[in-house]
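Colleague: Test case, fold it:
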Amino acid sequence: MIPAWVADMDFGVPEQVVDALSRTVASEDFGYPFWPDGDPVVRAFENRMRRHGWTPRPERTRIYTDLIQVLQVMIEHSTEPGDGIAVQVPAYPPFLATIERSGRRIVPIPAHDDGTGWSFEMPDLAGHLASLRCTMLLLVNPHNPTGRVFTEPELLQIATVAEQLDLVVLSDEIHAELVYAPHRHIPFASLSADAAARTITATSATKAFNIAGLRCAVAHVGSDNVWDALEAEPLDYFGQPSILSRVATVAAWDNSDGWLAGLHARLTGNRALISDWAATSSHAIRYSPPEATYLAWLDFGAVPIRENPAELLHRVGRIYLSDGAEFSQHTNIETASFARLNFATSQSVLHQVLDRIDLTLMRSAEVLRQ
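Modeller: Residues are numbered from 1 along each chain as shown. This next block holds a predicted model:
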């Protein structure tokens, strides 16, 4: 079995992260932290965001364990049960599950292929969201699973709708470091003063630097109402990431750009490999190269295994891809013909994965008759 589903990588971690963790362990520095000049993770986050053209508002950043926790906390402190939360679908399955379990309503903004790639444009988006009583918009940019990077005009349109409807915007920007040229990441909070004042920016070093299990995320809270609600909670209500997770995050953001550049080169090569495979394959698999991330959103809708491709690829091809149906759970959007492939691996392994997809498709007619 070749696992190519969960979104972490086969490339290890930056040497600078390993060194920083090793020094901390060697010094047995596991006591209570004390930072008279402020949390180093906050400083590293603010410096990192300036690279994207955004200066976060001082003293409005909180540290959490991961983006799922951030979403759960912000839903509870900025919406009410029964409220609608708009989200582009397909969407990261734990986000959809979180909205459903919180007693809020998922209001999907469906993706469509406009011939040049994925788009989430919708006529009269403001009227649509207003009619469904949305109070929050969950923006995932860069987008998972399609890999779409929203342009400035697209983001400005969303910002206009958010202002018209007075929506809280939770902007998940965890894949911002994994954007392919010529595309560029634009923090939603950088668009305008109004966008900054209503946006919760959620991000982490974990995705780009392959340290997800260390658990450290950042939420910058632009909304005064949400900030006040969070500040009213007991001091330790939300918990704190560990010293080691903070050390790793700072080392990643501050000192690991060389490693990240090497990662980009490898991912760019793998992305091109999948594009060449899809373009020359005798099977009608639809694929738009992602503009960011290391995730390929493959559409098997025109091949015999379209009803449940991930299951058959698992059973017959012995490869484990993410089931596309999970990315539209609790909505009326249909994504069962898709599977998500993680290509953050060696080219030799990726060749095996693609060969096994081809072999499964060749055998699919025989298998489906059994």
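Colleague: and the gap between the spatially most central residue of the chain and A176?
Modeller: Residue closest to the average C-alpha location in the chain (CA atoms, centre = their mean): N144, at 4.9 Å. Relative to A176, N144 is positioned 12 Å away (CB to CB, to the nearest Å). Just so you know, the C-beta spots here come from the backbone N, C-alpha and C atoms, and that holds for glycine as well.
Colleague: what's the overlap in contacts for these two?
Modeller: Counting by CB atoms under 8 Å, 6 or more residues apart in numbering, N144 and A176 have no contacts in common.
Colleague: The helix or strand of the chain with the lowest mean pLDDT - contacts with which helices or strands?
Modeller: Here the helix or strand of the chain ranked lowest by mean pLDDT, DSSP states H and E is helix 347-369, holding a mean of 85. Counting contacts by 3 or more CB pairs under 8 Å, 6 or more residues apart in numbering; DSSP states H and E, helix 347-369 packs against strand 2-3, helix 257-280, helix 309-315, strand 319-320.
Colleague: residue boundaries of the helices in this protein?
Modeller: Remark: helices assigned in the chain by DSSP state H are 15-26, 40-50, 67-78, 93-101, 125-131, 152-165, 193-198, 206-209, 224-231, 243-255, 257-280, 309-315, 347-369.
Colleague: Could you list the domains of this structure?
Modeller: Using automatic domain parsing, the domain parsing of the chain gives 2-10+258-364, 29-254.
Colleague: looking at the ones you listed, which is closest to Q16?
Modeller: Q16 lies closest, by CB to CB, to one member of those: domain 29-254, at 4.9 Å.
Colleague: And that closest one, end to end?
Modeller: 20 Å (CA to CA, to the nearest Å).
Colleague: what's the burial count for A26?
Modeller: 8 (other CB atoms under 10 Å).
Colleague: ok, it to N255 distance?
Modeller: A26 is 18 Å from N255, by CB to CB.
Colleague: now do R105
Modeller: For R105 relative to N255 (CB to CB), the value is 43 Å.
Colleague: if we can go back for a sec, which outside residues touch the least confident helix or strand of the chain?
Modeller: Residues contacting helix 347-369 (CB under 8 Å, 6+ apart): 2, 4, 10, 269-270, 273-274, 277, 281, 283, 285, 303-305, 312-313, 316-319, 341, 343, 345.
Colleague: Pick out the shakiest of the helices and strands packed on helix 347-369, pLDDT-wise.
Modeller: Here the lowest mean pLDDT among the helices and strands packed on helix 347-369 goes to helix 309-315, at a mean of 93.
Colleague: helices or strands up against that one?
Modeller: strand 319-320, strand 322-323, strand 338-342, helix 347-369.
Colleague: Could you rerun that using 10 Å?
Modeller: Here helix 309-315 touches strand 295-299, strand 319-320, strand 322-323, strand 338-342, helix 347-369, going by 3 or more CB pairs under 10 Å, 6 or more residues apart in numbering; DSSP states H and E.
Colleague: Only alpha carbons, please: show it as PDB.
Modeller: Output in PDB follows, covering the C-alpha atoms of helix 309-315 (Å, rounded to 0.1, in the frame of the first residue of the first chain):
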ATOM      1  CA  PRO A 309     -12.600   6.000  -7.300                       C
ATOM      2  CA  ALA A 310     -10.700   6.300  -4.000                       C
ATOM      3  CA  GLU A 311     -12.200   3.000  -2.800                       C
ATOM      4  CA  LEU A 312     -11.300   1.100  -6.000                       C
ATOM      5  CA  LEU A 313      -7.800   2.600  -6.100                       C
ATOM      6  CA  HIS A 314      -7.300   1.500  -2.500                       C
ATOM      7  CA  ARG A 315      -8.600  -2.000  -3.100                       C
END
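Colleague: Name the residues of it that come out as buried.
Modeller: P309, A310, L312, L313, H314 (16 or more other CB atoms under 10 Å).
Colleague: Could you say which of the helices and strands packed on helix 309-315 is packed most deeply?
Modeller: Among these, strand 338-342 has the highest mean neighbour count (mean count of other CB atoms under 10 Å), at a mean of 26.
Colleague: Tell me what angle it forms with helix 257-280.
Modeller: Angle, strand 338-342 to helix 257-280, by axes from the mean of the first three to the mean of the last three CA atoms, to 10 degrees: 140 degrees.
Colleague: residues near A91, how many?
Modeller: Neighbours of A91 (other CB under 10 Å): 28.
Colleague: residues in contact with it?
Modeller: The contact partners of A91, by CB atoms under 10 Å, 6 or more residues apart in numbering, come to 99, 106, 108-109, 111, 138, 140, 143-146, 172, 326-329, 331, 333, 335.
Colleague: how far away is it from R148?
Modeller: To R148, A91 is 12 Å away according to CB to CB.
Colleague: Please enumerate the shared neighbours of those two.
Modeller: Listed contacts common to A91 and R148 are A111, V140; contacts here mean CB under 10 Å, 6+ apart.
Colleague: Quick one: low-confidence residue ranges for the stretch 1-150 of the chain.
Modeller: Nowhere does the stretch 1-150 of the chain drop to pLDDT under 70.
Colleague: hmm, 90 instead?
Modeller: For the stretch 1-150 of the chain, the stretches with pLDDT under 90 are 32-35, 37, 113-117, 121-123.
Colleague: Flag every buried residue along stretch 81-100.
Modeller: In stretch 81-100, counting by 16+ other CB under 10 Å, buried: 83-93, 95-96, 98-99.
Colleague: All set now, cheers.
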